[in-house]
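Peer 1: next one to model:
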Amino acid sequence: MPAFDLPTRELERYRPDVQEPPDFDGFWRDTLKEAAQTDVLVSVRPAESGLRLTQTWDVTFRGFVGDPVRAWYSRPAGVGEPLPAVVEYAGYGRGRGLPHERLTWVNAGYAHLLMDNRGQGDQYGNGGATPDPHASAPGGPGPAARGLLDPRDYHYRRLITDAVRAVAAVRALPGVDASRVAAVGNSQGGGLALAVAGLVPDLAAVLVTAPFLCGIRRALDLTDASPYGEISTYLSVHRGAQEAAYRTLAYMEGVSFARRAAAPAHFGVGLRDTVCPPSGAYAAFNRYGELTGVDPRKEIHAYPYNGHEGGDAVQVRRQLDWLGEVLEPGPVNPQPG
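Peer 2: Numbering: from 1, shown residues only. So this is what the prediction gives:
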C-alpha cells in the first residue's frame with residue numbers, strides 16, 4: 001500500500017512528547033531487582049541440530065520472578081575462544097523454533113542466544129517451549145491485551161524482564177566475552193531489544209528493525225493490524241478502559257527506553273509498514289540516548305517502498321557489517337579435531 005504515516009522529512013525530525021509515568025524508573029528497577037534474586041542459569045544441555053559446523057545447547061534460564069525461560073545457545077563448532085555474543089528476540093506470536101533455523105549470527109562468528117517468548121509460539125514458525133504461568137484479567141486472543149489494565153499484570157512486563165535476564169544468561173555461559181553483548185530483534189523482538197538497551201546500561205550494541213511498542217498511542221490511532229489491533233479490539237469491548245490501558249502501556253513505551261539507552265544503535269524501518277508504523281521507530285531513534293548525557297553512535301536505514309519486512313536480507317547484511325565494526329569480533333579459529 002502507499003505510504004500512510006508522516007512524510008519522510010517530518011519523520012526525520014519527529015520528536016513527540018512522551019507521557020512517562022513518574023515512577024517509570026522505579027517500576028523497572030523493582031521489577032528487575034525481584035527477578036535477579038536467584039542465579040540466572042538453570043540448565044545448559046547439548047542439543048542435536050543436525051549441523052556439523054555449529055554447536056547448540058538447550059538453555060533454561062530464570063526470567064521474570066525466577067520463571068524458567070528456554071533459549072537456544074549456539075556457537076561455531078570447535079571454537080574455544082570467548083566470542084562476542086548476540087542475544088536475539090523473536091517476533092510476535094513466534095517461539096524459539098528449532099535449533100537449526102536462525103544461523104546468521106553464529107555463521108558470522110558470534111555466540112548466539114535466541115530467547116523463547118513466554119506464552120507465545122503458536123502463530124508462526126515452529127513453536128515455543130516456554131509457558132506463561134501467570135494469571136491475568138481477561139484479555140484478547142493474543143498476549144498484547146493480556147493483563148492490559150494493570151502494568152504489574154501485563155504480559156510485556158514479564159517478557160521485557162525475560163529479555164533483560166537473557167543478557168545476564170548469555171554472559172554466564174561458557175565461551176562468551178561478557179563485555180561484548182548485543183541485543184537484536186525485529187518487530188516485537190525489536191521492541192524487546194530496545195527495552196534491553198534502556199535497562200542494561202553496559203550493553204555493547206543494539207540492532208532494531210520495525211520495532212513494536214514504539215509510539216504506542218499514535219500507532220493505535222493509525223493501524224488496526226495485529227498486535228496493535230488486539231489492543232484496539234479489547235478496548236472496543238471494554239469501553240471506558242482506555243485510560244487504564246494507556247497507563248499500562250506507558251510503562252512499556254519503547255521511546256522511553258530509547259531515551260535511557262547509550263549503546264551504539266542500528267535501526268531499520270519500512271516506510272509503508274502498517275503493522276508497526278514508521279513514526280514509532282523514528283520517535284525512538286530521534287530521542288535515543290537523550291537522558292544519558294552522552295551522544296551515542298546511531299544510524300537508521302529507511303526503505304521507502306517496503307512494509308513490515310523492512311529491508312529484509314539487505315538490512316541483515318547492513319547489520320552484519322555495522323556490528324562487525326562495533327564489536328570487532330575478529331577471526332574465528334576452530335581447533336583441529
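
Peer 1: and residue 34, how many residues sit next to it?
Peer 2: Counted with other Cβ atoms under 10 Å, residues neighbouring residue 34 total 12. The C-beta positions use only the backbone N, C-alpha and C, and glycine is treated the same way.

Peer 1: can you tell me the element it falls in?
Peer 2: Under the criterion of DSSP states H and E, residue 34 resides in helix 24-35.

Peer 1: which strands or helices does that helix pack on?
Peer 2: helix 155-172 (3 or more Cβ pairs under 8 Å, 6 or more residues apart in numbering; DSSP states H and E).

Peer 1: and the helix it packs on, average pLDDT?
Peer 2: Average pLDDT, helix 155-172: 99.

Peer 1: over to stretch 267-277?
Peer 2: What stretch 267-277 shows for mean pLDDT is 98.

Peer 1: where does residue 85 fall, helix, sheet strand or coil?
Peer 2: strand (DSSP: H, G, I helix; E, B strand; the rest coil).

Peer 1: quick one: it and residue 179 touch, right?
Peer 2: No. With contact defined as Cβ atoms under 8 Å, residue 85 does not reach residue 179; the gap is 10.0 Å.

Peer 1: these two: which has the busier surroundings?
Peer 2: Neighbour totals were compared for residue 85 and residue 179, and residue 85 leads with 27 against 11 (other Cβ under 10 Å).

Peer 1: okay, the residue nearest to the more buried one when sequence neighbours are not counted and residue 302: tell me how far apart.
Peer 2: Excluding the flanking residues, the one nearest residue 85 by Cβ to Cβ, 6 or more residues apart in numbering is residue 111, at 4.2 Å. For residue 111, the distance to residue 302 (Cβ to Cβ, to the nearest Å) stands at 31 Å.

Peer 1: among these two, which residue is more densely surrounded?
Peer 2: Counted by other Cβ under 10 Å, residue 111 and residue 302 do not tie: residue 111 has more neighbours, with 26 against 18.

Peer 1: can you pull out the strands in the stretch 101-250 of the chain?
Peer 2: 111-115, 176-186, 205-209 (DSSP state E, counting those that start in this stretch).

Peer 1: quick one: residue 274 and residue 4, what's the gap?
Peer 2: For residue 274, the distance to residue 4 - Cβ to Cβ - is 7 Å.

Peer 1: list the residues that contact both of these two?
Peer 2: Residues touching both residue 274 and residue 4 by Cβ atoms under 8 Å, 6 or more residues apart in numbering: residue 222.

Peer 1: which of those two has more neighbours?
Peer 2: Neighbour totals were compared for residue 274 and residue 4, and residue 274 leads with 18 against 13 (other Cβ under 10 Å).

Peer 1: go ahead and confirm the more buried one touches residue 225.
Peer 2: Yes. In this structure residue 274 lies within contact range of residue 225 using Cβ under 8 Å: 5.5 Å.

Peer 1: identify the contacts common to the two.
Peer 2: Counting by Cβ under 8 Å, 6+ apart, residue 274 and residue 225 have no contacts in common.

Peer 1: spit out the contact partners of the spatially closest residue to residue 102 that is not a sequence neighbour.
Peer 2: Spatial nearest neighbour of residue 102, chain neighbours left out: residue 114 (5.6 Å); criterion: Cβ to Cβ, 6+ apart. Residue 114 sits next to 71-72, 74, 88, 90, 96-97, 102 when contact means Cβ under 8 Å, 6+ apart.
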